[in-house]
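Enquirer: Need coordinates for the below:
(chains A and B)
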2 protein chains.
Amino acid sequence: MTESKGLLLVVSGPAGSGKSTVLAEVVKDEAFAYSVSATTRQPRPGEINGVNYHFITREQFEEHVKNGDFVEYTEYVGNCYGTLYSEIKGKTDEGINVILELEVQGAENVKRMFPDAVLVWLLPPNYTTLEQRLRGRGTETDDVITKRMNTAVKELGKFSLYDYVVISENGKPDDAVRSIKEIVNAEKHKVSRTNNFVDNFLNN
Amino acid sequence: MTESKGLLLVVSGPAGSGKSTVLAEVVKDEAFAYSVSATTRQPRPGEINGVNYHFITREQFEEHVKNGDFVEYTEYVGNCYGTLYSEIKGKTDEGINVILELEVQGAENVKRMFPDAVLVWLLPPNYTTLEQRLRGRGTETDDVITKRMNTAVKELGKFSLYDYVVISENGKPDDAVRSIKEIVNAEKHKVSRTNNFVDNFLNN
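Expert: Here you go, the predicted model:
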């Protein structure tokens, strides 16, 4: 009688937050899955339709746009990418918690379409650590790092739009993984998510 | 920077909900503790002051009442019992999650004094199971069972006053124990519980 459907979990965090590592670990649990995006780009070797992406034609993509089938979509270097409403609905109906990794603007849109979505920040402990992680990679120029730090600061302006904040401590991704799972499990016990709980209780 | 203080957790549930079993298990975790009530009754053999109760005189009790020191108090067969504000504050400041086992009226009062308190229902899966558990004890008369069932139904009228509902399935107290701990851990990640998170993040 408590929530048996999957939840929609939106996770945001700056480059260097450890998002990819943490979420890759979360989805090893079969109760969780990434939302599979639709795209017009060609599959790369090894990519499987319906697993890595839903590979569709530009005509199909535009048809989805016209029909309002996308929760959000974007064009990037000539290819279109989008999250289908049906993709989320199908999985959550099966009881799977669907993870969307989104920037603040996308998270805001999803929250508008799915008010029951749970929005989580994944952040390093502080600004200094974030900068150290970005520099530590040794793959980005100073300009790129400065730009990323500025984006992070700007996005934090929307901090209170989110429901939860999880800190990815250095070397402790498992703590963040556990916290995300605990948040989802706890949310399922929310009185505000129950439907006719008392009626069901009394009549059974 | 996320919540390091302990939470105040109020747990309500009818006789037969499995509350005592579940909470006795939760407090085995040193991050949790019962609130120790103050009472004017005499200690029974083996009862320790400050552990089972704070044993105080009626004069001391009345002084506390006069000073508004109690979150809630009641008189029962000639003895007074009460929850001291200082008892809750002292433990939560130390980072301990304090559990108060209360009926609906008491829970309502606590929520008024501590808006940050987390209110949890602990319930059997349904009415039939509740009745079976009460009858199964074989210790109460039909009259007492009917009275308890009526109380349970009446208290459920305040269902939506609570934040969470945890079901104690037959033979699975551990599931309820885990859920309660997950709820508390998740609550500590709530954006609404953080103080100056963004400022602290940016200045460290």
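Enquirer: mind listing what residue A:151 touches?
Expert: Residue A:151 is in contact with residue A:14, counting by C-beta atoms under 8 Å, 6 or more residues apart in numbering or on different chains. C-beta here means a position set from N, CA and C on the backbone, and glycine is covered the same way.
Enquirer: Now residue A:65: closest residue in space that isn't a chain neighbour?
Expert: residue A:73 (6.6 Å; C-beta to C-beta, 6 or more residues apart in numbering or on different chains).
Enquirer: where are the low-confidence patches of chain A?
Expert: Applying pLDDT under 70 to chain A flags residues A:1-3.
Enquirer: near chain B, which residues of it?
Expert: For chain A, the contact set with chain B under C-beta under 8 Å from any C-beta of the partner chain comprises A:1-2, A:120-121, A:123, A:125-128, A:153, A:156-157, A:159-160, A:162-167, A:179, A:182-183, A:185-187, A:189-192, A:194, A:197-198, A:200-204.
Enquirer: Report the buried members of those.
Expert: Among the residues of chain A next to chain B, those scoring as buried are A:1-2, A:120-121, A:123, A:126-127, A:156, A:159, A:162-167, A:179, A:182-183, A:185-187, A:189-191, A:194, A:197-198, A:201 (criterion: 16 or more other C-beta atoms under 10 Å in any protein chain shown).
Enquirer: what domains does the record give for chain A?
Expert: Structural domains assigned to chain A are A:1-31+A:97-204, A:36-94, following automatic domain parsing.
Enquirer: Of those domains, which stretch is the most buried?
Expert: Each of the domains of chain A was scored by mean neighbour count; the highest is domain A:1-31+A:97-204, a mean of 17, by mean count of other C-beta atoms under 10 Å in any protein chain shown.
Enquirer: and that domain, how far out from the chain's middle?
Expert: 7 Å (C-alpha atoms, centre = their mean, to the nearest Å).
Enquirer: Tell me where chain A has strands.
Expert: With DSSP state E as the definition, chain A shows strands at residue ranges A:8-12, A:32-34, A:38-39, A:54-55, A:70-76, A:79-84, A:97-101, A:118-123, A:164-167.
Enquirer: These: which one's closest to residue B:85?
Expert: For residue B:85, the closest of those is strand A:164-167, at 28.8 Å, according to C-beta to C-beta.
Enquirer: what does the closest one contact?
Expert: With contact meaning C-beta under 8 Å, 6+ apart, strand A:164-167 is reached by A:118-125, A:159, A:176, A:179-180, A:183, B:1-2, B:186, B:189-191, B:194, B:197.
Enquirer: Am I right that residue A:84 is in contact with residue A:38?
Expert: Yes - with the criterion set as C-beta atoms under 8 Å, residue A:84 and residue A:38 qualify as a contacting pair; they are 5.5 Å apart.
Enquirer: Give the intersection of the neighbour lists for the two.
Expert: A:54, A:64, A:70.
Enquirer: could you list every residue that touches the closest residue to the last one other than its chain neighbours?
Expert: Nearest residue to residue A:70, sequence neighbours excluded (C-beta to C-beta, 6+ apart): residue A:82, at 4.2 Å. Remark: with contacts taken as C-beta under 8 Å, 6+ apart, residue A:82 is in contact with A:37, A:38, A:39, A:61, A:64, A:65, A:70, A:71, A:72, A:73, A:74.
Enquirer: And the last one, how far from chain B?
Expert: Using C-beta to the nearest C-beta, to the nearest Å, we find residue A:74 at a distance of 26 Å from chain B.
Enquirer: what sits opposite that residue in the beta ladder?
Expert: For residue A:74, the beta-bridge partners are residue A:81 (DSSP bridges).
Enquirer: okay but it is in contact with residue A:80, surely?
Expert: Yes - assessed by C-beta under 8 Å, residue A:74 is found in contact with residue A:80 at 7.4 Å.
Enquirer: how close does residue A:56 sit to chain B?
Expert: Applying C-beta to the nearest C-beta to residue A:56 and chain B gives a distance of 36 Å.
Enquirer: all helices for chain A, in order.
Expert: Taking DSSP state H, the helices of chain A run over residues A:19-26, A:58-67, A:85-93, A:104-113, A:127-137, A:142-155, A:173-187, A:197-202.
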